[in-house]
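K.L.:
Mind looking at a prediction? Sequence and model below.
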Amino acid sequence: MPGKRILIVDDETKVGFFLKETLESLGRGYAVSHVNSGEEALDEMSRQPYELVVTDLRMPGISGIDLLHRVHELSPETRTILITAYGNDEVENESRRLNAARYFTKPFPIDEFTAAVQDVLDSQTTDAPLLSRERLERITQRLSDLRFEVGAQCILLADMDGRLLAEIGLTDSLSPVELTELMSGGFDRLFRVARHLHEGHAFNLTYHEGVRYDIYAANVGDRLFLTLVFDRRQGASRIGMVWLYTKRAIQDLLELVSPSPRPANGGFPRTGPLR
């Protein structure tokens with residue numbers, strides 16, 4: 001079985017090769033490549049997928065932050081690590097907004113870096129079944145059915161960290177990545193309410209009624225959530241119908257994303273943080 005693929009992006013060739021050789025020497029079977037720019041990184045990713053991209057911040061052409069954004073849009077399942085000699089709170093906050101798994105300021109202890117890489121890649125193991133081709137096809141079909149049932153413009157599936165996993169329909173000028181990032185922050189408080197009420201199962205549906213868009217968000221267990229977008233120019237959404245069909249779809253999605261059977265009473269998994 002081929003090792004997980006890592007792409008090192010750094011315009012300092014010596015640094016890039018040092019990180020490459022260090023990761024290859026771990027004996028974990030990693031397939032490590034090195035390129036000198038963000039543009040080369042995007043070309044490389046168009047040819048084959050990578051589980052992890054490690055990028056410097058300041059480079060000629062596309063910056064590390066810009067590259068994080070492009071990777072997040074093009075390949076949401078790819079994890080990222082940002083390294084820089086020019087770190088500050090603004091850069092760190094932006095890297096977190098773009099879901100960078102780790103952030104390192106040069107110089108950094110190499111053992112901390114290699115430990116972080118291993119942790120990030122090992123954490124993908126539990127998520128791998130969700131992203132398998134067969135499951136993703138079945139998930140996409142169920143989301144297509146839901147979109148037809150409720151008349152949504154688009155439906156997005158993401159994890160609770162805001163990482164986009166599936167997208168159905170047309171988003172027009174909306175950024176699906178930014179939208180799921182924004183919507184992901186609303187569920188933690190709802191989960192805390194469920195725990196306060198000693199309720200093991202919870203279905204939460206939130207609603208934004210706007211001038212141009214109606215937007216709904218509903219949790220799929222405690223790991224994933226749906227975002228449904230309706231263009232009000234095509235007619236206002238009907239909240240009762242959205243609630244009914246979305247809840248039915250979530251029951252089906254829970255079966256598709258979970259390797260273990262759901263509770264016999266058909267309830268939702270116990271709420272809590274994703275670990």
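P.N.:
Structure's in. What do you need? It should be emphasised that the depicted structure is a prediction, and the values quoted were computed from it without experimental measurement. Numbers count the residues shown, from 1 in each chain.

K.L.:
quick one: contacts for residue 116?
P.N.:
Applying CB atoms under 8 Å, 6 or more residues apart in numbering to residue 116 gives the contacts 81, 101, 102, 104. (C-beta placed from N, C-alpha, C; glycine too.)

K.L.:
if I read this right, the first one contacts residue 117, doesn't it?
P.N.:
Yes - the criterion here is CB atoms under 8 Å, and residue 81 meets it with residue 117 at 7.1 Å.

K.L.:
Overlap in contacts, the two.
P.N.:
By the contact definition CB under 8 Å, 6+ apart, residue 81 and residue 117 are jointly contacted by 52, 54.

K.L.:
before we move on, back to that, so which of the contacts of residue 116 is the most crowded?
P.N.:
Of those, residue 81 is surrounded by the most neighbours, 22 neighbours in total, counting by other CB atoms under 10 Å.

K.L.:
State the mean pLDDT of stretch 227-234.
P.N.:
Computed over stretch 227-234, the mean pLDDT rounds to 91.

K.L.:
let me fix that: stretch 206-223
P.N.:
pLDDT averaged over stretch 206-223 equals 90, rounded to a whole number.

K.L.:
Also stretch 143-150?
P.N.:
94.

K.L.:
And stretch 6-24, by the same measure?
P.N.:
For stretch 6-24, the mean confidence score works out to 94.

K.L.:
can you list contacts of it?
P.N.:
Stretch 6-24 has contacts (CB under 8 Å, 6+ apart) with 30-38, 40-41, 44-45, 50-56, 59-60, 64, 67, 83, 110, 113-114, 117, 121.

K.L.:
What confidence value was assigned to the nearest residue to residue 38 once chain neighbours are set aside?
P.N.:
Of all residues beyond its chain neighbours, the one nearest residue 38 is residue 62 (2.9 Å), with distances taken as CB to CB, 6 or more residues apart in numbering. As predicted, residue 62 sits at a pLDDT of 90.

K.L.:
What of the one 4 residues further on?
P.N.:
Reported pLDDT at residue 66 in the predicted model: 90.

K.L.:
For the helix or strand where it lies, give me every contacting residue.
P.N.:
Mapping residue 66 onto the secondary structure by DSSP states H and E places it in helix 64-74. By CB under 8 Å, 6+ apart, the residues outside helix 64-74 that reach it are 9, 38, 41-42, 45, 53, 55-58, 62, 78, 80, 82-84, 91, 94-95, 98-100, 163-164, 177.
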